[in-house]
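**Q** task: produce atomic coordinates for the following.
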Amino acid sequence: MTDEFLLAIAGIAATLVGTFIVAVFSYLDSALHRSRGAAGSTPDQYMRAGTRGCSSPTACP
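**A** Numbering: from 1, shown residues only. Purely as a prediction, here's the structure:
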């Protein structure tokens, strides 16, 4: 296996992991999550605030 191939595989894996993390953050901040009744608890409010805190800096170029 060449270095270029391994680098390409690592890039694909990083893209998939990043997409999964963004999907989890989006779910935590979605109306579906709030409609299931978990949005009122105190730990959930901290999780959602942390989600916004992590997503905001990464969205800035």
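
**Q** low-confidence ranges, the chain, go.
**A** 28-29, 31-41, 44, 52-61 (pLDDT under 70).

**Q** remind me, longest helix of it?
**A** helix 3-28 (DSSP state H).

**Q** okay, residue 19 and residue 5: tell me how far apart.
**A** Distance, residue 19 to residue 5, using CB to CB, to the nearest Å: 22 Å. To be clear about C-beta, it is placed using only N, CA and C from the backbone, and glycine gets the same treatment.

**Q** thinking again about what came up before, which strands and helices sit next to the longest helix of the chain?
**A** helix 42-59 (3 or more CB pairs under 8 Å, 6 or more residues apart in numbering; DSSP states H and E).

**Q** recalculate using a threshold of 10 Å.
**A** helix 31-35, helix 42-59 (3 or more CB pairs under 10 Å, 6 or more residues apart in numbering; DSSP states H and E).

**Q** identify the residues contacting residue 17.
**A** By CB atoms under 10 Å, 6 or more residues apart in numbering, the contact list for residue 17 is empty.

**Q** for residue 30, see how far away it is.
**A** The gap separating residue 17 from residue 30 is 20 Å, by CB to CB.

**Q** do residue 15 as well
**A** Noted for residue 15: a distance of 22 Å to residue 30, by CB to CB.

**Q** before we move on, what about residue 6?
**A** Taking CB to CB, one finds residue 6 at 36 Å from residue 30.
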